[in-house]
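Chemist: coords please:
(one chain, ligands or ions: 2)
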Amino acid sequence: MSSSNKVFFGELFDAASGSYKSYINGQWLRSCSNKVVTITNPATRKEEFKVQACTREEIDAAYEGCTEAQKIWRQVPLWKRAEALRKVASVLREQRDTIAECLVNEIAKARKDSLSEVDRSADLIEYCAEEGIRLLSKGDFLTSDAFKGTDRTKLCLSSRVPLGNVLCIPPFNYPVNLAVSKIAPALISGNAVLVKPPTQGAVSGLHLAQCFDKAGVFPKGLVNFVTVRASENGDYLAEHPSNNCLSFTGGDVGLSLAKKVGMIPIQMELGGKDACIVCSDADLDLAAKHIIKGGFSYSGQRCTAVKVVLVEGEVADQLIEKVLGGVNKLTVGMPDDNCNITPVISETSANFIEKLVMDAKEKGAKFLTEYRREGNLIWPCLLDHVRPDMDIAWEEPFGPVLPIMRVSNTDQAVEHANKNRVALQSCVFTKDIEKAIKISDSVQSGTVQINGAPARGPDHFPFQGFRDSGIGSQGIANSIGMMTKTKTTVINLNSPSFTV
Ligand SMILES: NC(=O)C1=CN([C@@H]2O[C@H](COP(=O)(O)OP(=O)(O)OC[C@H]3O[C@@H](n4cnc5c(N)ncnc54)[C@H](OP(=O)(O)O)[C@@H]3O)[C@@H](O)[C@H]2O)C=CC1
Ligand SMILES: O=C(O)[C@H](O)COP(=O)(O)O
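Modeler: Ligands and ions are numbered 1, 2, ... in the order given. The predicted structure follows:
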């Protein structure tokens, strides 16, 4: 880390163990487990950081802190909660270089994209403060005489109240932004949060925790960042009796967590095999531009990445020429050099991607680019003539590999897209809006983008997956809705009362 960025570094770092502390009940804590979790830099493949492997007792302490702090926080006026969030956003902006540096080293995200992740997170917090003011200040007032057979003797006041403690589990690819997209709606709604950062991204997450600490505006214990070994204590966190809500983004582990947590609201954003349908009348330059950006940003490690192109045969060659031209211009290298393609998150991930590529090779896919890998760095790989019997037609590589399937017509494209297990987003390129709407109506994914690549943002848009891609909907307003419950007070009168 460059020394100019180590503004708050000392407080969260334990020099004795050479590891980062967790943030529990307003304190920076070195776990009594005396165990650490190591974080490998995906680019150098060397150990970069260590974080605490917290124990179950420490998790209990974090939840106890949440529960006590939430009793205070839920009574803090809404405008003050919004003001507190704005303060965090401002501290986060001051810390952008420090946090971006961590993102570069932990998840190999290009520096400029790391910086924009932090900026986007501050913007999200500020928007959430505003949206919270608008949404949570409103409720319903109902009179009973609207329902057949009832007189106007009951007045119903209904509003949104917090759930209690929200467990936030973000994934490696947006350890800051997908943490904030859970924390900010939870806090504005009057909840406490326990954040379990992803291992790759944990130090970025702990620096984010420090922004909440330094803002100095939250009751002790309201915001907790607890690093654990997920395999040992992940379920314990989720199934904890003090957990009142789970907001999770990640892979299939979310499917099993959803079954384990019981009767609490859950918001799960899982994988996506986002299909891009290119019709014969599409603007092919536009489609190619979006396919390249959509398929290869952050080396394809986005749940919203274009993960299969379904192109009508008659324009396939023209489209491919344009896509290939763009792919050949992508820079490949290290995140510090702001390359388009950087090393994927781990060797396991690189091996998985390679397995999909080799399966496609064996089954006769045409390689439009040469397959090349050095360590975790995989050069952008474009595959043509992919068929349904190849694993890459269905699996999400979460890497810089894009399969192209030629289809006879859009019905065939829609049929393939609808067979995907994970249906987060999809997109369609055509100049015919009637056709676009019909395809959008037929594709069963959480969002269909017309003439644009899949994307979660802007962050106030609803964001949800169908089938195994998740449950619940994100986006700032939807998250506030999900992290609150309806509470009603009914005033019963002895005789009907009419407002005049
Ligand atoms: N839909 C979406 O928005 C996104 C989906 N994904 C999907 O996730 C996959 C890989 O991303 P990745 O981050 O590795 O996803 P994982 O599902 O492996 O991890 C996501 C988060 O869950 C944690 N976790 C793992 N096991 C448990 C457990 N038993 N209990 C509680 N928490 C647990 C992880 O911690 P730890 O890191 O410590 O293991 C991490 O914080 C991608 O292939 C993609 O399918 C990823 C990003 C976004
Ligand atoms: O988890 C993901 O991969 C993201 O939610 C995708 O976000 P993006 O579309 O803004 O990259």
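Chemist: Around ligand 1, which positions in the protein sit nearby?
Modeler: Taking CB under 6 Å from any ligand atom as the contact definition, the chain meets ligand 1 at 169, 171-173, 196, 198-199, 230, 234-235, 237-238, 249-251, 253, 257, 269-272, 303, 396, 398, 424. (C-beta placed from N, C-alpha, C; glycine too.)
Chemist: filter those residues down to the ones near ligand 2?
Modeler: 173, 249, 303.
Chemist: tell me which of the residues you listed is nearest to ligand 1?
Modeler: Cys303 (3.0 Å; CB to the nearest ligand atom).
Chemist: helix, strand or coil for that closest one?
Modeler: coil (DSSP: H, G, I helix; E, B strand; the rest coil).
Chemist: how far away is the closest residue to it other than its chain neighbours from Pro403?
Modeler: The shortest distance from Cys303 to any non-neighbouring residue, by CB to CB, 6 or more residues apart in numbering, is to Gly272 (4.4 Å). Noted for Gly272: a distance of 15 Å to Pro403, by CB to CB, to the nearest Å.
Chemist: beta partners of Asp274?
Modeler: Val306 (DSSP bridges).
Chemist: How about the contacts made by it?
Modeler: Counting by CB atoms under 8 Å, 6 or more residues apart in numbering, Asp274 touches 294, 303-308, 424-427, 445, 454.
Chemist: What degree of burial does Ile491 show, as a neighbour count?
Modeler: Around Ile491 there are 10 other residues, counting by other CB atoms under 10 Å.
Chemist: Direction included, what does the helix or strand where it lies pair against?
Modeler: Take DSSP states H and E as the rule and Ile491 turns out to sit in strand 484-492. If you go by DSSP bridges, strand 484-492 pairs up with strand 154-162 (antiparallel).
Chemist: ok, and what's touching the partner strand?
Modeler: Contacts of strand 154-162 (CB under 8 Å, 6+ apart): 70, 74, 135-136, 138-144, 189-191, 480-481, 483-493, 497.
Chemist: And Gly26, how far from Ala192?
Modeler: With distances taken as CB to CB, Gly26 is found 12 Å from Ala192.
Chemist: Same question for Glu58.
Modeler: Per CB to CB, Glu58 is found 16 Å from Ala192.
Chemist: what does Tyr236 give?
Modeler: 18 Å.
Chemist: do the same with Pro265
Modeler: Using CB to CB, Pro265 is found at 15 Å from Ala192.
Chemist: again, but for Asp281
Modeler: With CB to CB as the criterion, Asp281 and Ala192 are 53 Å apart.
Chemist: Between these two, tell me which one has more neighbours.
Modeler: Set Asp281 next to Ala192 and count neighbours by other CB under 10 Å: Ala192 wins out with 31 against 13.
Chemist: you'd agree that one is up against Leu163?
Modeler: No. Look at Ala192 against Leu163 with CB atoms under 8 Å: they stay out of range, at 9.8 Å.
Chemist: quick check, nearest of the ones next to ligand 2 among the residues of the chain next to ligand 1 to ligand 2?
Modeler: Nearest to ligand 2 among these, with distances taken as CB to the nearest ligand atom, is Cys303, at 3.5 Å.
Chemist: end-to-end on stretch 392-411?
Modeler: 21 Å (CA to CA, to the nearest Å).
Chemist: So the spatially most central residue of the chain: helix, strand or coil?
Modeler: Note on the chain: the residue nearest the mean C-alpha position is Leu178, at 4.2 Å, using CA atoms, centre = their mean. Under three-state DSSP, the three-state class of Leu178 is helix.
Chemist: same deal with Pro171?
Modeler: coil.
Chemist: Quick check: nearest residue in space to it, chain neighbours excluded?
Modeler: Gly250 is the one closest to Pro171 (CB to CB, 6+ apart), at 4.3 Å.
Chemist: Tell me how many other residues surround the one you found.
Modeler: Neighbours of Gly250 (other CB under 10 Å): 20.
Chemist: now swap in Glu312 and tell me
Modeler: 21.
Chemist: Which strand residues bridge it?
Modeler: Going by DSSP bridges, Glu312 forms beta bridges with Val407.
Chemist: from memory it sits against Val278, does it?
Modeler: Yes. At 6.7 Å, Glu312 and Val278 qualify as touching, with contact defined as CB under 8 Å.
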